[in-house]
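Chemist: what would the 3D arrangement of this be:
(4 chains)
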There are 2 protein chains.
Amino acid sequence: MPALEGQAKPVSPARDALLETECPADEVLALKQLALLGSMQTNIEVSSSELGDLLETSQQTASRRILSLEHRGLIEREVGVRKQLIRITEAGTEILRKEYADYKRLFEMATELHIRGVVQSGLGEGTYYMTRAGYVRQFESKLGFKPYPGTLNLELQGTEVNKIRLLKASSPLLIEGFRDEARTFGEVFAWKARLDGASACALILPKRTHYTRVVELLAPERLRDRLRLVDGQELDVVVTLQP
Amino acid sequence: MPALEGQAKPVSPARDALLETECPADEVLALKQLALLGSMQTNIEVSSSELGDLLETSQQTASRRILSLEHRGLIEREVGVRKQLIRITEAGTEILRKEYADYKRLFEMATELHIRGVVQSGLGEGTYYMTRAGYVRQFESKLGFKPYPGTLNLELQGTEVNKIRLLKASSPLLIEGFRDEARTFGEVFAWKARLDGASACALILPKRTHYTRVVELLAPERLRDRLRLVDGQELDVVVTLQP
DNA sequence: ATTACTATTCTACGAGTAT
DNA sequence: TATACTCGTAGAATAGTAA
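Modeler: Below you'll find the predicted structure:
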């Protein structure tokens, strides 16, 4: 191993970052139990065997939980001979708040869906479709802006792909299909959305498309210019759902 | 061991009850993660290695989590050769909803505090104090009822004792102290409360009392008669907090 | 690619106990 | 009584791999 290594570098920065967040599920459970006993507001008096009963585990394990939570700085204690007083710290409260936020997202009828995708060079057909008068008219009235004639393709990767199902399970705006001289144009789903740095935008998906990993973004302006996007770049869209 | 034992008894009913609720913290975590991916609303496509990444564990462990959740009936799957579709069942949603309820209680400014205690035969001094005109006048005006001349003592046991601290940390009604011919009477904290089967009641605690395990209940009527209480009986009180 | 088995490593539980 | 240590062991996690 070269002697230089690890000199200027902080000792495993990734590991430090982990230590902050990494708290085993069992310990979070213990922390939650302590909080339910009121230790976010005041010192509480709990013996390790009482906590063990509440967590359906042994006194020894409960004691280890308490020690571990203390070492992580999530609780503070005053240990006497006959009793210990426990109080959850700000850091501990933060962990619980984070959990709460997760569950809140699940049940409080999420009105926003955050989607991350990779900017993809489209095949140009987007422009052809999105400039058909039959579509443009509806975009203007239903989305509230006149779209730039062209779409930005966003490819979803990994588990992000599931959000397409989620989108379709919400109530999308329906852009009706129509027929011109040459052919028919199918129905399109649309959702109002938000992009950091752009005024307004919308996410659209042909109704009949299944199993795609790609969604298209419409905006009043050319998003590639406005946001200085290049292919392969990651982009976050916030879709507004009406449940 | 007697041959009779365990014959008529159902096979460990307590264990059956446990199996319903008992779900290891790590599995609840996995379930939550699946839910965050949208599997409460639709089928989602997650490989075990993707879930492993999200949970910061191995593909094998994630696979085991999925199998275990399925065996518990918390998720349903369609497993193909190249992909699996996962959806959370009603039972799974119930587990998550339960967790959510816990966290909600922690953060949504709990306006009620459930306290369980054991009915205790008092020493009779409650009656002496609670019939002093200086107190009675304030009870009537601040609690909204004329109290029966006597209190019901409730002894809190184990971790329930901590709720006394919690009570004091909220904003109690303050019954002011006073002086009569003979002596001085100290300040008393009071909280409006509810008892199943009784119209109105209040929980009171002398302000200066520390380290007590006993709280006293006031009501317009004799609670022992109204609720047919006997010493040693457990009783639940719901205290109304104003945070 | 997947899922999920078997074998092996190793973490973490709880009995016993010191303080 | 408490807390919290050591330590043997059960079971969980991962490596390797089959299907």
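Chemist: just the CA coordinates for the helix or strand hosting residue A:99, please, in CSV.
Modeler: If you go by DSSP states H and E, residue A:99 is part of helix A:90-107. Output in CSV follows, covering the C-alpha atoms of helix A:90-107 (Å, rounded to 0.1, in the frame of the first residue of the first chain):
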residue,chain,number,x,y,z
GLU,A,90,-32.6,16.5,18.8
ALA,A,91,-30.8,14.0,16.6
GLY,A,92,-33.1,11.2,17.8
THR,A,93,-36.1,13.3,17.2
GLU,A,94,-34.8,13.9,13.7
ILE,A,95,-34.6,10.2,13.0
LEU,A,96,-38.2,9.8,14.1
ARG,A,97,-39.4,12.8,12.2
LYS,A,98,-37.8,11.2,9.1
GLU,A,99,-39.7,8.0,9.6
TYR,A,100,-42.9,10.0,10.1
ALA,A,101,-42.3,11.8,6.9
ASP,A,102,-42.0,8.5,5.0
TYR,A,103,-45.3,7.2,6.4
LYS,A,104,-46.9,10.5,5.9
ARG,A,105,-46.0,10.3,2.2
LEU,A,106,-47.7,6.9,2.0
PHE,A,107,-51.0,7.8,3.5
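Chemist: what angle do that helix and helix B:90-107 make?
Modeler: Taking axes from the mean of the first three to the mean of the last three CA atoms, to 10 degrees, one finds that helix A:90-107 is oriented at 140 degrees with respect to helix B:90-107.
Chemist: helix A:90-107 near chain B anywhere?
Modeler: Yes - counting by CB under 8 Å from any CB of the partner chain, contacts between helix A:90-107 and chain B involve A:96-97, A:99-100, A:102-107. For every residue, glycine as well, the C-beta is placed using N, CA and C.
Chemist: show me how to select, in ChimeraX, the buried members of those residues.
Modeler: For the buried members of the residues of helix A:90-107 next to chain B, the matching ChimeraX selection, counting by 16 or more other CB atoms under 10 Å in any protein chain shown, is:
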select /A:96,99,100,102,103,104,106,107
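Chemist: a helix runs through residue A:136, doesn't it?
Modeler: Yes - secondary structure of residue A:136 (DSSP: H, G, I helix; E, B strand; the rest coil): part of a helix.
Chemist: identify the bridge partners of the residue nearest to the spatial centre of chain A.
Modeler: Residue closest to the average C-alpha location in chain A (CA atoms, centre = their mean): residue A:114, at 5.5 Å. The residues listed as beta-bridge partners of residue A:114 by DSSP bridges are residue A:238.
Chemist: quick one, what contacts it?
Modeler: A:236-239 (CB atoms under 8 Å, 6 or more residues apart in numbering or on different chains).
Chemist: report the two of those separated the most.
Modeler: A:236 and A:239 (10.5 Å; CB to CB).
Chemist: list the contacts for residue A:88?
Modeler: Counting by CB under 8 Å, 6+ apart, residue A:88 touches A:31, A:34-35, A:39-40, A:74-75, A:96.
Chemist: ditto for residue A:70
Modeler: By CB under 8 Å, 6+ apart, residue A:70 lies in contact with A:76-77.
Chemist: just the helices in chain A please.
Modeler: Per DSSP state H, chain A carries helices over the ranges A:13-21, A:25-34, A:48-55, A:59-71, A:90-107, A:125-130, A:133-143, A:162-169, A:223-226.
Chemist: what about the closest residue in space to residue A:147 that isn't next to it in sequence, distance to residue B:202?
Modeler: Among residues not flanking residue A:147 along the chain, residue A:218 sits closest, at 4.4 Å (CB to CB, 6 or more residues apart in numbering or on different chains). As judged by CB to CB, to the nearest Å, residue A:218 and residue B:202 stand 62 Å apart.
Chemist: can you name the residues bridging to residue A:78?
Modeler: On the basis of DSSP bridges, residue A:78 is bridged to residue A:85.
Chemist: my guess is it contacts residue A:44. True?
Modeler: No - with contact defined as CB atoms under 8 Å, residue A:78 does not reach residue A:44; the gap is 11.3 Å.
Chemist: can you count the residues close to residue A:195?
Modeler: Other residues near residue A:195 come to 19 when the count uses other CB atoms under 10 Å in any protein chain shown.
Chemist: for the closest residue to it other than its chain neighbours, give me its contacts.
Modeler: Among residues not flanking residue A:195 along the chain, residue A:201 sits closest, at 5.2 Å (CB to CB, 6+ apart). Applying CB under 8 Å, 6+ apart to residue A:201 gives the contacts A:193-195, A:217-219, A:223, A:237.
Chemist: before we move on, the earlier item: out of the helices of chain A, which is the most enclosed?
Modeler: Across the helices of chain A, averaging neighbours per residue (mean count of other CB atoms under 10 Å in any protein chain shown) puts helix A:25-34 on top, at a mean of 21.
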